[in-house]
Structure formats: structure tokens, C-alpha cells
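Trainee: got a predicted structure here, sequence first:
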Amino acid sequence: MRRAAALALVVLGAVSCGAGQPASVPDTVPDTVTDTVTDTVPAPASTTSAPDDQALEESPATPSSTGPPAFSSKVSRVSRDRLPYSWRPGCPVHYRDLRLVTLSYWGFDGKPHTGELVVRATVTGDIEKVFKKLYDWRWPIRQMKLVDAYKADDFDSIDADNTSAFNCRRATGSSNWSNHAYGEAIDINPRENPYVTASGSTAHQNAKKFTERPISGKGVVNPGDKVVKAFAKVGWEWGGYWSGAKDYQHFSKGGG
Ligand SMILES: [Zn+2]
């Protein structure tokens, strides 16, 4: 709430946001000021964070008077209370070895937003590289929240078309840990890019028109796409290339 009040002040009074946060208020497009400011200020750190929950590295957005802010990303330690549903003792990676990546993405509404992903500490650089490209291409993403917003329910997160990464769960149809449980996999626009069985069906009613490839559409990943190539460049493979069932939303470090 404190952050919301501060933002309101920025918008209404055009005063500095303070605390070193870049506030981009383009003079030329006054009707988008509210959304631009609200959506591009990096998400606040949790007020209940552990003392060691400080930024490990940061590349802040560069305010611009001629366009949207540049891509920004921040890698932070993630406290246990940010993962109330997605992590528990016994998971294959300890939460201390996970990181919260707060980054810019381009929305389905044609505006910049700030999202959050949790991934393994060893792969934050991969994620930042890929998402900088997606942002620069204005490649649209519906939304990006931790799966804890859906109580770590994979079905609900997918149904909401939520892009997310870490989730301590088993692989679909298997007793083995998913790569998501290692924080080394991400699902992108899962409605537009469903998991499709070998017989061509999806469990999600709202994804039925997206089961074929290639297809055109906002946020759709097709074979050979620049999105697939961007992930491949950092060693992440696409589930759309699997034989049998296809997982068009899924990218993982080293495949699987
Ligand atoms: Zn996945």
C-alpha cells in the first residue's frame, strides 16, 4: 500500500519517486503516464523478507523521454515466505539456492510490465538474457506471477495463462521430479502454448484452439521461432520438439 501511495504521488504530483527507483514519465504520451509508471517500476521487495534478501545484481531501467523504459532485471535471494506453496522441505533444491528474478516483459496489452520468476541461482543469467530479447522484440506475455499466487496449483496457473518457472512438483504423468522442481524450467503463455497429448488433446478448455503448430497468434511459440532460438542459445530446449506428447509452453535447461 505504501508503494501504491508513493506511485500515486508520482503520477499526481510528478515528484521524484525517490529511493533511486527510475520513474519514466514520457511527456509526449500523457494518457499513458499512469500505466507506464505503475507498470514499469520494479516490484517492491517483500516487506517480510529475510535480512539477506537484498539485490545481488541489478541493471536498472534507463528512463527515456522518447519511448518505453529499457529492459530491467533484478536478481534477489528469495525468502521462504515468498514460496509458501511451491517449496517445502524435501524438495530437490533448497530455497536458498533459488533466486527471485524481477524483470520487464511486454504485455498482451502492448505495454511494458514487471513480472516475477523464481529459478535456480545457477540459471538467472540465462533467464535475463532471453527475457531481454523478448522485451526488445516486444514479444507478448500474458502475465508473470509466482505459482504461489495459485497455491502452486499447476492447472490453475496454466488456466490463468500465467508464465512461471519454479514449482516443486512431479513431472506430468510421472513420479519423477519435474525440471520445474529444480528451478530449471519455465512455462510461457501456457494457454497459447498448451501441453498436448500424443492423441492431440489438452486438459484446458481455453487452450483447445491452440493445439496445432504452426499457428499464428499473440504469444504463440512455433517450431523454429526466434523465441525457441533465444532459449537454445543459452542451452534451454523446447518441449514443442518432444516426440509423442508436446509441451509447447515448456523450456528447460538441457531438455526434459
Ligand atoms: Zn513446464
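Mentor: Arrived safely, thanks for sending. Residues are numbered from 1 along each chain as shown.

Trainee: excluding chain neighbours, what is closest to the residue nearest the centre of the chain?
Mentor: Geometric centre of the chain, nearest residue: Met144, 4.1 Å, by CA atoms, centre = their mean. Closest residue to Met144 apart from its sequence neighbours, by CB to CB, 6 or more residues apart in numbering: Gly115 at 2.7 Å. For every residue, glycine as well, the C-beta is placed using N, CA and C.

Trainee: from Val75, how far off is the residue nearest to the centre of the chain?
Mentor: Computed as CB to CB, to the nearest Å, the Met144 to Val75 distance reads 15 Å.

Trainee: do the same with Ser164
Mentor: Distance, Ser164 to Val75, using CB to CB: 17 Å.

Trainee: and if you look at Ile127?
Mentor: Here the criterion is CB to CB. By it, Ile127 lies 9 Å from Val75.

Trainee: hey, what's in contact with both of these two?
Mentor: Val101 (CB atoms under 8 Å, 6 or more residues apart in numbering).

Trainee: more crowded one of these two?
Mentor: Using other CB atoms under 10 Å, the more surrounded residue of Ile127 and Val75 is Ile127, with 25 against 21.

Trainee: ok and the residue in the stretch 51-200 of the chain nearest the ion?
Mentor: Closest residue of the stretch 51-200 of the chain to the ion, CB to the ion: Asp187 (4.1 Å).

Trainee: so what's that residue bridging to?
Mentor: Ser164, His250 (DSSP bridges).

Trainee: neighbours around it, how many?
Mentor: Asp187, neighbours per other CB under 10 Å, totals 24.

Trainee: what ranges do the helices span in the stretch 1-150 of the chain?
Mentor: For the stretch 1-150 of the chain, the helices defined by DSSP state H, counting those that start in this stretch occupy 2-13, 33-40, 124-136.
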